[in-house]
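# give me a 3D structure for the following:
(chains A, B, C and D)
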Number of protein chains: 2
Amino acid sequence: MKTLKIPEATITRLSVYSRFLEQVDRKGVVTISSSEIAEGVGVSPAQVRKDLAYFGEFGTRGVGYNVKELLHQTLKILGLNQEWRMVVVGAGNLGTALCSYRGFRERGFRVVGIFDNDLTKIGKKIMDLEVLGTEKIPEVVKEKDVGIGIVATPADAAQETADILVKAGVKGILNFAPTILNLPEDVEVRNVDLSVHLEILTFNLRVERLKKMV
Amino acid sequence: MKTLKIPEATITRLSVYSRFLEQVDRKGVVTISSSEIAEGVGVSPAQVRKDLAYFGEFGTRGVGYNVKELLHQTLKILGLNQEWRMVVVGAGNLGTALCSYRGFRERGFRVVGIFDNDLTKIGKKIMDLEVLGTEKIPEVVKEKDVGIGIVATPADAAQETADILVKAGVKGILNFAPTILNLPEDVEVRNVDLSVHLEILTFNLRVERLKKMV
DNA sequence: GACTGTGAAGCCATTCACAGCT
DNA sequence: AGCTGTGAATGGCTTCACAGTC
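Here you go, the predicted structure:
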């Protein structure tokens, strides 16, 4: 197959291009060049072309890319021409925020269930959802055809939570807990570690400071 | 200088090693080998050694690394032997969640101010902080010696917010809004785009499905 | 014998530079 | 003339393999 072995960085950028194209499209722009995309998202024009070329020939030589068409293609590549249903486990501040995060909805991700073990949280309403006990996870995952589980629990409950989600049948997990999850190979896991980002930031800030001292 | 040109991936992993070492240390383990660290965080032993070697010789041949000592070193490298003060702009669900996120505090990041433009939010208490109007940003940044600003506003307010933060004097920005920020070179920006992570996940899930069809 | 630290090799991603189309 | 698509060149990160140390 041709689509195998695409750099993950390419997918990350594709996602960014895609949203940039939405912005541009909303402004009514019809055609765009690789350099304009590059300029808009902060990468090189060659990079944009190479990334797109992994998936096909979407442009016209001498002209550029049709914005609507390219937007459509990027969404399709990313699997966003369908709705993805998700559940959130952990109804703390973070879980609540993710549940109501507009950015998800805008890209076709819909939270259809939120769960917690804490009795004081069960029964609470978040958006149009009621917080349920974690024992209800399998039921909801099956009934609502949920593909993705979001782990927003404290670190020490994360593994257990992920196990329940996988057993219930989710295919992908987005993990916000600061732990490495141990899961079967066929489950896609992505870790979003908020303090790692801050730590890279502080590392770089220190390096900058050192450079200035030279 | 020797410390220049360290792969960003190395820093990311260092941050993960560091937290893993905290766990291990709490269990009372004294010595650890590169393979044990590798096992624990899901990378290769050679990778662990190479990453650490960028910064010095922390181990003992034939023995391994002293857990406490290595933990101390990683924290120092990441700049976590000091407290970092931050402000959050945007007091919506996400801003509120970040404000009270325990993972930050545990690693020495302290939120000392939260701001919003929305009059219905100003005056609200979040943890021990009162939501202030964004016009107060410069004052707080100066008085509390704030180094990092977190942008948790909607996308269309993000650039403006970042500009205010930079003018107020923050050195680093953690951006949760799904937009590319245009900022001076000497400001460190990191984008945490929550839907990008989901989109990589859905892309990979689709690829898996395709592979299985072959 | 066990495990680190590291040059060298291998691999992967990005950039270059140009042929090919409009 | 302008811009895409792409093989070739470059650069950077990861893995290998082993010398060095305990």
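
# scan chain A for its longest strand.
In chain A, with assignment by DSSP state E, the single longest strand is strand A:109-116.

# where's the very next helix or strand once past that strand relative to the chain centroid, distance-wise?
Next helix or strand after strand A:109-116 toward the C-terminus (DSSP states H and E): strand A:125-126. On the basis of C-alpha atoms, centre = their mean, to the nearest Å, strand A:125-126 sits 23 Å off its chain's mean C-alpha point.

# please enumerate residues in contact with strand A:125-126?
A:Ala91, A:Thr96, A:Cys99, A:Ser100, A:Ile114, A:Val131 (C-beta atoms under 8 Å, 6 or more residues apart in numbering or on different chains). Backbone N, C-alpha and C define where each C-beta goes, glycine included.

# at 6 Å what do you get?
Outside strand A:125-126, the residues within contact range by C-beta atoms under 6 Å, 6 or more residues apart in numbering or on different chains are A:Thr96, A:Cys99, A:Ile114.

# how far does stretch A:71-82 stretch from one end to the other?
In stretch A:71-82, first residue to last residue: 15 Å (C-alpha to C-alpha, to the nearest Å).

# quick one: contacts of that stretch?
A:14, A:17-18, A:21, A:25, A:55, A:58, A:107-108, B:199, B:202-203, B:206.

# buried residues, the longest strand of chain A. List them.
A:Phe109, A:Val111, A:Val112, A:Gly113, A:Ile114, A:Phe115, A:Asp116 (16 or more other C-beta atoms under 10 Å in any protein chain shown).

# is the second one in contact with A:Cys99, as I believe?
Yes. Using C-beta atoms under 6 Å, A:Val111 and A:Cys99 qualify as a contacting pair, with a distance of 5.1 Å.

# who touches both of these two?
A:Val88.

# can you show me the strands along chain A?
Counting by DSSP E, the strands of chain A are A:31-32, A:59-60, A:64-66, A:84-89, A:109-116, A:125-126, A:129-133, A:148-151, A:172-175, A:188-191.

# out of these, deepest packed?
With neighbours defined as mean count of other C-beta atoms under 10 Å in any protein chain shown, the strands of chain A peak in mean count at strand A:148-151, which reaches a mean of 27.

# which among the contacts of stretch A:71-82 count as buried?
Members of these classed as buried by 16+ other C-beta under 10 Å are A:Leu14, A:Tyr17, A:Ser18, A:Leu21, A:Asp25, A:Phe55, A:Arg107, A:Gly108, B:Glu199, B:Thr202, B:Phe203, B:Arg206.

# from these, pick the one nearest A:Glu39.
For the buried ones among the contacts of stretch A:71-82, the minimum distance to A:Glu39 (C-beta to C-beta) is 12.0 Å, reached by A:Tyr17.
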